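# Here is my input, please return the structure:
(one chain, ligands or ions: 1)
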Amino acid sequence: MSPAKQITFYTAAYSPYSHRVQLALDEAGAQYKIHEFGKSKGSKPEWYYTINPLGKIPSITYGGPDVPSDQPSAESEKLSESIALLEFIADIYPEANLLPDNPVLRAKARRVISLYENYVHDAFKAAVFLGQPYEGLLQALSKFQSALPPTGFAVEQYSIADCAVAPFLVRMMVFFRRGLGGYTYEEGEKVRQALAGEEYARFRTYIQDVTEHPSFRVGWDEDDQIELWKDHPAFKRSKTTQAHT
Ligand SMILES: N[C@@H](CCC(=O)N[C@@H](CS)C(=O)NCC(=O)O)C(=O)O
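Okay, the predicted model is just below:
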């Protein structure tokens, strides 16, 4: 599947926001050119700010002539913000059914994205990156879980909701399993035990389903992600010296 127009995708392997967009592009069978920024975060070359004034990834150029990715054409559309990009990909590849036709399911897919963005994300960052009390994260995940249908993806079919949340939730599970974070060993153990319990059984099957989905498996390597994230400043434990591996 391919619209007539060129797509160049600006991304980096560590970036969960970019991973969202990659999942949608791959799910749609899109043909696209990749510009990979590599491991180091921080300021981007000047030309990139003509694509995304914030200098953040992901971004897409759409249409215009086929040019080198570091010489964007004035004729292409410059698009960014991962959720807007997911909606855009769903719009230009309607055959991929990334948003259900049924308005109720469309609303449910968007609700799952909104729940993640507005409730889970900050709790995840607080617990993992800032080493703040983890109870808020467990509560947020419990509420998130209750918005899921009894089985399968976030709505009946694989959708932009799964693309939006999987890159963060799967990384979160990996970070806790591998002991990467600003929490102590004991705190990490409590989260691991809670998430292994009956109360989070539905959340676990959801994580398993999205991780095993073909477009997620392409390009996902847990060890590579650990390599990319392990030196993150927030992961240098100040609360304890013991790491769980
Ligand atoms: N709201 C933006 C957030 C994008 C974002 O924060 N991206 C991070 C990477 S995951 C970034 O570009 N950080 C600056 C950098 O890496 O230099 C979106 O949804 O696309």
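# Pretty sure residue 73 sits in a strand.
No: looking at residue 73 with DSSP: H, G, I helix; E, B strand; the rest coil, it is coil, so not inside a strand.
# Tell me how many other residues crowd the residue lying closest to it once chain neighbours are set aside.
Using CB to CB, 6 or more residues apart in numbering and skipping residues adjacent in sequence, the residue nearest residue 73 is residue 64, 4.0 Å away. For every residue, glycine as well, the C-beta is placed using N, CA and C. Residue 64 is flanked by 16 other residues according to other CB atoms under 10 Å.
# I'd guessed residue 64 sits against residue 6; true?
Yes: contact criterion CB atoms under 8 Å: residue 64 and residue 6 qualify, at 6.8 Å.
# Poorly predicted segments of the chain, please.
For the chain, the stretches with pLDDT under 70 are 1-2, 237-245.
# Tell me which residues touch the residue sitting nearest the centre point of the chain, please.
The centroid of the chain falls nearest to residue 167 when counting by CA atoms, centre = their mean (3.0 Å). For residue 167, the contact set (CB atoms under 8 Å, 6 or more residues apart in numbering) comprises 16, 17, 19, 20, 23.
# Secondary structure class of the last one, three-state.
Three-state call for residue 23 (three-state DSSP): helix.
# returning to what we had before: I'd like the contacts of residue 167 written out as JSON lines, with secondary structure added.
Formatted as JSON lines, these follow (three-state DSSP):
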{"residue": "16", "secondary structure": "helix"}
{"residue": "17", "secondary structure": "helix"}
{"residue": "19", "secondary structure": "helix"}
{"residue": "20", "secondary structure": "helix"}
{"residue": "23", "secondary structure": "helix"}
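# Out of those residues, who's the most crowded?
Neighbour counts for those peak at residue 23, which has 27 neighbours (criterion: other CB under 10 Å).
# So that one versus residue 73, what's the distance?
Using CB to CB, to the nearest Å, one gets 26 Å for the distance from residue 23 to residue 73.
# Check which helix or strand the residue nearest to the centre of the chain maps to.
helix 160-177 (DSSP states H and E).
# so how far is that helix off the chain centroid?
Distance of helix 160-177 from its chain centroid, counting by CA atoms, centre = their mean, to the nearest Å, is 6 Å.
# Could you check it and say which residues are buried?
160-177 (16 or more other CB atoms under 10 Å).
# now stretch 77-89
Applying 16+ other CB under 10 Å to stretch 77-89 flags 78, 79, 80, 81, 82, 83, 85, 86, 87, 88, 89 as buried.
# With stretch 87-102 instead?
Residues 87, 88, 89, 90, 92, 93, 96, 98, 99, 100 are the ones in stretch 87-102 that count as buried (16+ other CB under 10 Å).
# The residue nearest to the fourth one when sequence neighbours are not counted and residue 159, how far apart?
Nearest-residue entry for residue 90: residue 98, 3.8 Å, with adjacent residues in sequence omitted and distances by CB to CB, 6+ apart. Using CB to CB, residue 98 is found at 6 Å from residue 159.
# anything in contact with each of the two?
Counting by CB under 8 Å, 6+ apart, the shared contacts of residue 98 and residue 159 are residue 90.
# Wait, residue 143 touches residue 115, no?
Yes: Residue 143 is within contact range of residue 115, at 7.0 Å (criterion: CB under 8 Å).
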